[in-house]
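Engineer: Build me a model:
(2 chains)
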Amino acid sequence: MNLIPLCLYAAATLAYGWHFAKREPTVGRAATTLLLFAALAHTFVIGMQTMEVRHVPFANPSRAVSTFVWLLAMAYLYLELTTDERAMGVFILPIVVGLQAIPTVYPGVENADPVLDSPWFWIHVSSLLFAYATFAIAGVLGLTYVLQFKEIKKKHLGYFYTRLPSLLTLDDMNARAIALGWVCLSVGVAAGVWWTLQARTVSPDDPNLQAMSWSDPKVFMAGLTWLVYSFAILARRTLGWTGRRAAWLAALGFAFVLLNFLPVSYFVTTSHTFD
Amino acid sequence: MRLFLLGVSHQTAPVDLREKLDFSSRDVGAAVEALASRQTAAESVVLSTCNRSEIYVAAEDSERTRVEIVDFLSSYHSLPADVFVPHLFARDDSAVVQHLFRVAAGLDSIVVGEPQVLGQVKQAYQVAAERHCVGPLLTKLFQSSFGVGKRVRTETTLGEGAVSIGFAAVALARKIFGRLEGRQVLVIGAGEISTLAAQHLRSQGVGEIVVTSRTMAHAQTLADTVSGRAVPWDGLAGALFSADIVITATGSQRPILTRDIVAAATGRRRPGPLFIVDLAVPRDVDAAVGEIEQVFLYNVDDLQTVVHENVSKRGNEIARAEAIVNEEVSRFTAWRRSRSVVPTVVALRQRFETIRQGEMQRLQAKLAGLSPEARERVDEVTRLMVEKLLLDPTEQLKSLPDQDTQVAYTEMVNRLFRLRAGHASETEADDTPASSNLPATRPRHQ
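Structural biologist: From the prediction side, this is the model:
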């Protein structure tokens, strides 16, 4: 079922690439339209899965990835439609396609553990997924900032110079994305801690809950991610770490997010395996 | 009817003469009306920009038109003809089309690819159209030129990239800051270059402009010109602290802004980029300043390199733009050629229609016994028959490949059917017989 959104995302990626290279307005509009259709198809898929399991599907890592992709596409569409800036699409869409391939190949089965049946758990997951989507955008903004910065600083005004937005716009959008993501990350982590404490009283023998500690790689990485973004915000305010430093921090933070979201979730963690 | 163009441009006349022949500072509408009132040409448009004054006309006799236009220019600008005649250039027929299309595409501009000229061409046509000085030929010519301008702009990158130092600096500032509104500018030095740069930035809508110079009075004069604020020379460090963009162009032999001075200012200032444009030779800013993290330092040579790159990029696009122009010239020529057979086509249709009407008249008595519906049917059938018979010859005549063949064919048709279409002017006739009633001189644009 995830194949249709994947194909549409892939088509949109090609269109964004074409638009980035040739800068033809009609191709740009076509790219946005394709992405809109992809997001709609994806909404339908997630809607169907929600009706099937009676909650938004993200207890299983693959389903969570799919939901994350959907949130990322939505967040990007919001960004594009509010800023009228299409240049980011060519960087965001490959992430969307790459990640959407995972649930398409490994659909996963959503067998929600009864222990998850708590509003705190759903707040935990949805906040974190939204935070990750925002961090993905911040990471891409950081990367594009570095590309643009390099061309202007080196006085070699080439391919990216004409195509990317201004440095200050990129930096400003990056700061906002990180601030929003950090709030969601904090809420998500706090809700997770609160839910674990509550759930332990209900099911003290659950192995997942027993493994939930700082020594668990996923929890540890989440803490580290929170520290990176907290530092990014603090450094911007107090140390004047804007521009390139902030951009690298955003890219580093997103690398942590991806690491935690994919390899750690699939292979390493012992605490976050509820399917 | 022929197309004819007479004028001066930056390629044929020096600036002082162009200024004397300029229409744009006066009322172009009045000029085009004055020209039309001479009855020299059936249609006329005056295109006047800072780089050109050109008169486009559609007229029968190009030699007489030339004399008339020279006389008009002389009397309108109160200038003896021998002053400007050596600088005039003239174009005839398809060379007029080629010229206007190149102008509209920005290919004939001093700065190749500049976008303003297309708007000026549109304006020139608009002014003439409002005063009913254009007819079908110039209307088609100018409207085609708008299409050429648009095609060149969308299908090539001819208009991209700044091609002067001032524009390159502003384009860079926009790539660093996005919007320039509210950006603080510090201008160091109050000479001619600083003045030009400050005025250019002011016109781009920057925020406060602070001027400093070793001589406070000079700084004050420049500050007054650009509605800025002058600060004394020893306030330089403080002014640097709050600046986003620094323009420096002093005559100093030693660098004014060293790494230490700029680092001290940027260390204390709110975080964000600082764009320094060093227009002075020798340089005012130590090259090491460019190594500071958020400082973007461009000197005259750097900007010149950007300009050269853009110019050479435009150079690559010129061939593509010229190809578009040539394609459109061919299309326009084909359209004109198809129009030159229009009088013959119209006459041929009229001839056939006259015969048909005559036969219908002759048969009136015999058809009297028929019902009104049947008579109408007979009328319709004969009309359709005539139209169908004429369809192929009309199409064939319009699509003949060259002028000579066209002349031979129309002559043959005229003889075969005893037509007298050769006397009709192309603007007097159109595809439909009804439009052959257009006035013979000065057709009005509707």
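Engineer: Please count neighbours and contacts with C-alpha atoms only from this point.
Structural biologist: Noted.
Engineer: Any residues of chain A in contact with chain B? List them.
Structural biologist: Residues of chain A lying close to chain B by Cα under 8 Å from any Cα of the partner chain are A:152-153, A:155, A:157, A:161, A:165-169, A:240-243.
Engineer: hmm, 6 Å instead?
Structural biologist: Residues of chain A lying close to chain B (Cα under 6 Å from any Cα of the partner chain) are A:153, A:166-168, A:240.
Engineer: what ranges of chain B fall below the confidence cut-off?
Structural biologist: Scanning chain B for pLDDT under 70 picks out B:25, B:268-270, B:421-446.
Engineer: Now do the strands for it: every range, in order, please.
Structural biologist: All strands of chain B, identified by DSSP state E, fall at B:2-9, B:43-49, B:52-59, B:89-92, B:185-188, B:209-212, B:229-231, B:245-248, B:274-278, B:295-299.
Engineer: Please confirm that residue A:199 is located within a helix.
Structural biologist: Yes - under DSSP: H, G, I helix; E, B strand; the rest coil, residue A:199 sits within a helix.
Engineer: Any idea how many residues pack against it?
Structural biologist: Counted with other Cα atoms under 10 Å in any protein chain shown, residues neighbouring residue A:199 total 19.
Engineer: and stretch A:46-56, which residues are buried?
Structural biologist: Of all the residues in stretch A:46-56, those buried under the rule 16 or more other Cα atoms under 10 Å in any protein chain shown are A:46, A:49, A:55-56.
Engineer: need the contact list for residue B:354.
Structural biologist: Counting by Cα atoms under 6 Å, 6 or more residues apart in numbering or on different chains, residue B:354 touches no other residue.
Engineer: Tell me how far the closest residue to chain B within the stretch 101-250 of chain A lies from residue B:251.
Structural biologist: Proximity of the stretch 101-250 of chain A to chain B (Cα to the nearest Cα) peaks at residue A:166, 4.2 Å away. As judged by Cα to Cα, to the nearest Å, residue A:166 and residue B:251 stand 32 Å apart.
Engineer: Among the two, which residue is more densely surrounded?
Structural biologist: Shown here are residue A:166 and residue B:251; by other Cα under 10 Å, residue A:166 has more neighbours (22 against 14).
Engineer: quick one, phi/psi of the more buried one?
Structural biologist: Residue A:166 adopts backbone torsions of phi -70, psi 160, taken as degrees, to the nearest 10.
Engineer: Thought residue B:176 was touching the residue of the stretch 101-250 of chain A closest to chain B, still the case?
Structural biologist: Yes - counting by Cα atoms under 6 Å, residue B:176 is a contact partner of residue A:166 at 5.1 Å.
Engineer: circling back to that earlier point, if you drop the residues flanking it in sequence, what lies closest to the residue of the stretch 101-250 of chain A closest to chain B?
Structural biologist: Spatial nearest neighbour of residue A:166, chain neighbours left out: residue B:175 (4.2 Å); criterion: Cα to Cα, 6 or more residues apart in numbering or on different chains.
Engineer: one step back: pull the most distant pair out of the buried residues of stretch A:46-56.
Structural biologist: Within these, A:46 and A:55 form the most distant pair, 9.9 Å apart (Cα to Cα).
Engineer: Walking through chain A, point out its helices one by one.
Structural biologist: A:3-22, A:25-53, A:61-83, A:89-105, A:119-153, A:159-163, A:167-202, A:207-211, A:217-234, A:243-259 (DSSP state H).
Engineer: Pick the most buried one from those.
Structural biologist: Counting by mean count of other Cα atoms under 10 Å in any protein chain shown, helix A:119-153 has the highest mean neighbour count of the helices of chain A, with a mean of 23.
Engineer: residue contacts, residue B:228?
Structural biologist: Shown in contact with residue B:228 (Cα under 6 Å, 6+ apart): B:209-210.
Engineer: Okay, it and residue A:181: tell me how far apart.
Structural biologist: Residue B:228 is 42 Å from residue A:181, by Cα to Cα.
Engineer: swap in residue A:149?
Structural biologist: Residue A:149 sits at a distance of 24 Å from residue A:181 (criterion: Cα to Cα).
Engineer: From the structure, what's the count of residues near the residue of the stretch 1-150 of chain B found nearest chain A?
Structural biologist: Closest approach between the stretch 1-150 of chain B and chain A, counting by Cα to the nearest Cα: residue B:150, at 13.8 Å. Residues lying near residue B:150 (other Cα under 10 Å) number 16.
Engineer: What sits closest to it if chain neighbours are left out?
Structural biologist: Spatial nearest neighbour of residue B:150, excluding adjacent residues (Cα to Cα, 6+ apart): residue B:105 at 7.7 Å.
Engineer: Many thanks, have a good one.
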